[in-house]
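>>> generate coordinates for the sequence data below:
(one chain, ligands or ions: 1)
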Amino acid sequence: MSEETERRSTDVDYAKPLPQEAIETGRYRQRVGGEWETHGPRQLEYLIEQGLRPEHRLLDVGCGALRGGIHFVEYLDSGNYYGVDINETLLDAGYERELTPELQGKLPRDHLRATERFDLEFGVPFDFAIAQSLFSHISLNQIRLCLFRLAKEMEPGGRFLSTWFVAPPEHPLDEPRDNGACWTERNVFFYYYPDLTYAARGMPWEMHYIGDWKHPRGQVMVEYRRVGAPPADEALPAQQYDASPEKHQGPTLASRVERGLKRRLRR
Ligand SMILES: C[S@@+](CC[C@H](N)C(=O)[O-])C[C@H]1O[C@@H](n2cnc3c(N)ncnc32)[C@H](O)[C@@H]1O
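Numbering: from 1, shown residues only. Predicted coordinates for the structure are as follows:
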């Protein structure tokens, strides 16, 4: 593969085990973005601002080596933190190298799972979920899969907070952003807000654009709130999308689900 072809690839193999040297030297922290002392605690601080309490169950999607997980495990009641990632070696590094024995005692190892297709079923419903810097690394179809499978595991009213690199509506789709770091078609990805509303179509989520939440590299936040009905079982009609966030505040999704539910009840 030429350098140019490689550079254009969207396929970064996130599942590939990290070399032992990266584990032993702590270089794995860089792999998930560094900023260990600030961006770990910030995730907990933010979720507490959003209403997270110790008795809540939290799922950390793309949890990596527990940069945020360390703080969540400390804050939550024992056994209430769950994390998934595509890379098992990151999960091992997080559990074995980042957690003190006391924190390991609060986190059953089987609450951490390596999964390639968002297998998020742990047999318990979640009050909160977070995906910090996950959408920046996955395709829109992977986002759809994540949202679809996560919706089944959330409590009605449960909230999923996810970060992503947003492009303003006026940004040309064919120009990279962030000094060439983010692309429409290449990893690292940026998305317009309507891309995300599109990805959630037909699913029982109500979406809210939150925006800035003090991410060190400028990723913004979106909230998905699980509406109280099972996933809609019908295809949705095609819709025209406008690129401004205000036009895409999720109630359309909620009302679709509500209508679907009413129709089912009438049958
Ligand atoms: C930038 S890191 C952020 C990790 C963690 N959320 C944090 O704040 O430290 C992105 C993480 O997403 C994981 N990832 C990438 N693709 C994934 C997928 N399809 N399913 C689950 N995790 C994935 C990577 O392995 C990596 O740990």
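>>> how about the residues of this protein near the ligand?
14, 32-33, 62-64, 67-68, 85-87, 90, 132-134, 137-138, 142 (C-beta under 6 Å from any ligand atom). Where C-beta positions appear, they are placed from N, C-alpha and C, glycine not excepted.
>>> return the subset of those lying in helices.
Within those, residues falling in helices by DSSP state H are 90, 142.
>>> out of the residues of the chain next to the ligand, which end up buried?
By neighbour count, with 16 or more other C-beta atoms under 10 Å, those hold 14, 32, 62-64, 67-68, 85-87, 90, 132-134, 138, 142 as buried.
>>> run a quick neighbour tally on the nearest residue to residue 108 once chain neighbours are set aside.
Nearest residue to residue 108 in three dimensions, chain neighbours excluded: residue 79, at 6.3 Å (C-beta to C-beta, 6 or more residues apart in numbering). Counted by other C-beta atoms under 10 Å, the residues lying close to residue 79 total 13.
>>> which ones are touching residue 79?
106, 107, 108, 111 (C-beta atoms under 8 Å, 6 or more residues apart in numbering).
>>> closest to residue 195 out of these?
When those are compared for distance to residue 195 (C-beta to C-beta), residue 111 wins out at 31.2 Å.
>>> quick one: secondary structure of the residue nearest to the closest one when sequence neighbours are not counted?
What sits nearest to residue 111 in space, not counting adjacent residues and going by C-beta to C-beta, 6+ apart, is residue 82, at 4.6 Å. Here residue 82 is strand, with the state taken from DSSP: H, G, I helix; E, B strand; the rest coil.
>>> so residue 82 touches residue 66, yeah?
No. Residue 82 lies out of contact with residue 66 (C-beta atoms under 8 Å); the separation is 11.7 Å.
>>> helices along the stretch 51-200 of the chain, start to end?
Assignment of helices within the stretch 51-200 of the chain using DSSP state H, counting those that start in this stretch yields the ranges 69-75, 88-93, 101-106, 140-151, 193-199.
>>> so which bits of whatever helix or strand comes next after the last one are buried?
Towards the C-terminus, the helix or strand next in line after helix 193-199, according to DSSP states H and E, is strand 205-211. Neighbour-count burial for strand 205-211, counted by 16+ other C-beta under 10 Å, picks out 205, 206, 207, 208, 209, 210.
>>> mind checking the pLDDT average for the helix or strand just after strand 205-211?
As assigned by DSSP H and E, the chain's next helix or strand after strand 205-211 is strand 220-226. Model confidence over strand 220-226 averages 97 on the pLDDT scale.
>>> again with stretch 70-88
98.
>>> and for stretch 167-185?
Rounded mean pLDDT across stretch 167-185 is 94.
>>> CA atoms only: put it into PDB for me.
Presented in PDB, the C-alpha positions along stretch 167-185 are these (Å, rounded to 0.1, in the frame of the first residue of the first chain):
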ATOM      1  CA  ALA A 167     -18.700  21.100  11.400                       C
ATOM      2  CA  PRO A 168     -20.700  24.300  11.200                       C
ATOM      3  CA  PRO A 169     -23.500  24.300   8.600                       C
ATOM      4  CA  GLU A 170     -21.500  26.600   6.300                       C
ATOM      5  CA  HIS A 171     -18.400  24.400   6.300                       C
ATOM      6  CA  PRO A 172     -17.800  22.900   2.900                       C
ATOM      7  CA  LEU A 173     -18.100  19.100   3.000                       C
ATOM      8  CA  ASP A 174     -15.100  18.500   0.900                       C
ATOM      9  CA  GLU A 175     -12.700  20.500   3.000                       C
ATOM     10  CA  PRO A 176     -10.900  19.000   6.000                       C
ATOM     11  CA  ARG A 177     -11.200  20.700   9.400                       C
ATOM     12  CA  ASP A 178      -9.000  21.200  12.400                       C
ATOM     13  CA  ASN A 179      -5.900  21.800  10.300                       C
ATOM     14  CA  GLY A 180      -6.400  18.700   8.200                       C
ATOM     15  CA  ALA A 181      -7.100  16.400  11.200                       C
ATOM     16  CA  CYS A 182     -10.800  15.800  10.500                       C
ATOM     17  CA  TRP A 183     -12.400  14.600   7.300                       C
ATOM     18  CA  THR A 184     -15.800  13.800   5.900                       C
ATOM     19  CA  GLU A 185     -14.600  10.400   4.500                       C
END
